[in-house]
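Peer 1: no sequence on hand, only this structure:
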C-alpha cells in the first residue's frame, strides 16, 4: 500500500489539506482494497489552523521518512515561516526518494527547502509573482493547474490539487483506478496540468495624479478602434521614444502590452456578460481578425475564448457566424 503523509504546518488552510486527504482516501484498487494509507503529520501535536481553530495531529515529522508521497498544503498569509526542522525533514524525505507535492502556496515551503531550485513550479496565480521574486532560481509558471517534474510536483490551488492528485494516482495505478477516484470525488479526470488557471489580468497600477490617466481613459474608450503607438504618443504630446520611456516608468510595462491587456480584459468582460458571438467580441475588443483574437487572448489569458466563456458565462451563447 502506498503511503501518503500530509504535512500540517501552522496556518494551514483546511480545504488545501482536505483536498488531497479526500482524493487519496477515496482511491480503491480493483478488488476494493484501499490503495493509499494517508496520515497527517506535524512538528507538534497541536497545530493552529487558518480559521481560528486547533488541529490535533498524532504523528510527528518522522512520518515523512516513511512516506512514499509527501503533500504540503497551503497556509494562510502571515503564517510563521517553516522551522529548520521542517525544512530538514522535507529535504531528507526527498533525498530518500519520496515524491513531494505542494498545494497552492505550499510551494513556498518547498522553495524554502531548496526543492524547487532549477525546476518549473506553479502556485495560485495571485502569489506567483511573489514566489518568483522570493526564489529567483525557480521557474514559476503562473498560468497552469499543476507542474509535474517527476519527483517534485506543485499545484495552483485546492481545486487544482485534486487534478494533481488524480494525475499522481493515474501514474501510480493506471487510468481505471484514477477514473474511479475522480468519480468518488465528483471530479473530471480530463483536465490536464497545462490547462490554464482562469486569471483576471489587472492593469499595472498607475500612480494617482499621473499625467497618463487621461490617456489611459481615452484608450479604454477606443479599444474597438485601431490605437497605434504613434497615436498614443501624439495624444500625450510626446515623441514615441519619450512616451514609451515615460509609460514604462509609470506602469512597469510597454504601451502596446498595456493595450493588449486592456483588450483582453474587455473581451473577458463580454465573454462573461454577453451573448455576442466570439467573432463579434473580438471586433468589439479591437482585435483585427478572429485568428488574431484567439491567438492573443490565449497568450494573455492562457486559454481560448470559447473555453473561457464555457467556464464563466451561464448564458447560452449566440451561434457562431455561418452556423
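Peer 2: Thanks, I have the structure now. Everything numeric in this text was worked out from a predicted model, so none of it was measured. Numbering: from 1, shown residues only.
Peer 1: next, the nearest residue to residue 226 once chain neighbours are set aside: secondary structure please.
Peer 2: Nearest non-adjacent residue to residue 226, counting by C-beta to C-beta, 6 or more residues apart in numbering: residue 286, 7.5 Å away. In this view, the C-beta of every residue, glycine as well, is placed from N, C-alpha and C. Three-state call for residue 286 (DSSP: H, G, I helix; E, B strand; the rest coil): coil.
Peer 1: going forward, count from 310.
Peer 2: Shifting the count to begin at 310 puts that one at residue 595.
Peer 1: residue 595 contacts residue 529, doesn't it?
Peer 2: No. Using C-beta atoms under 8 Å, residue 595 makes no contact with residue 529, being 10.7 Å away.
Peer 1: give me the more crowded residue out of these two.
Peer 2: Neighbour tally, residue 595 and residue 529, criterion other C-beta atoms under 10 Å: the higher count belongs to residue 595, 21 against 14.
Peer 1: how far away is residue 394 from residue 410?
Peer 2: As judged by C-beta to C-beta, to the nearest Å, residue 394 and residue 410 stand 20 Å apart.
Peer 1: point out where this protein drops to low pLDDT.
Peer 2: 495-519, 620-632 (pLDDT under 70).
Peer 1: quick one: the helices in it?
Peer 2: Using DSSP state H, the helices of the chain run over 323-335, 371-374, 393-404, 416-421, 434-443, 467-482, 484-493, 522-530, 538-545, 549-560, 564-582, 587-593, 599-610, 614-621.
Peer 1: ranking those helices by burial, who's on top?
Peer 2: Highest mean neighbour count among those (mean count of other C-beta atoms under 10 Å): helix 416-421, with a mean of 24.
Peer 1: the nearest residue to residue 327 once chain neighbours are set aside: what's it in contact with?
Peer 2: Sequence neighbours aside, residue 467 is the residue nearest to residue 327 in space, at 7.8 Å (criterion: C-beta to C-beta, 6+ apart). Residues near residue 467 by C-beta atoms under 8 Å, 6 or more residues apart in numbering: 322, 324-325, 327-328, 383, 412-413.
Peer 1: wait, doesn't residue 410 sit right on residue 459?
Peer 2: No. The pair residue 410 / residue 459 is not scored as a contact, 11.5 Å apart, by C-beta under 8 Å.
Peer 1: neighbour count winner among those two?
Peer 2: Counting neighbours by other C-beta under 10 Å for residue 410 and for residue 459 shows that residue 410 has the greater number, 28 against 8.
Peer 1: distance of the more buried one relative to residue 330?
Peer 2: 13 Å.
Peer 1: for residue 607, same thing?
Peer 2: 34 Å.
Peer 1: do the same with residue 574
Peer 2: Taking C-beta to C-beta, one finds residue 574 at 37 Å from residue 330.
Peer 1: residue 355 now?
Peer 2: Separation of residue 355 from residue 330 (C-beta to C-beta): 18 Å.
Peer 1: and residue 470, by the same measure?
Peer 2: Residue 470 sits 10 Å away from residue 330, going by C-beta to C-beta.
Peer 1: and for residue 555?
Peer 2: 52 Å.
Peer 1: again with residue 559
Peer 2: Using C-beta to C-beta, residue 559 is found at 47 Å from residue 330.
Peer 1: got it, and residue 397?
Peer 2: The gap separating residue 397 from residue 330 is 24 Å, by C-beta to C-beta.
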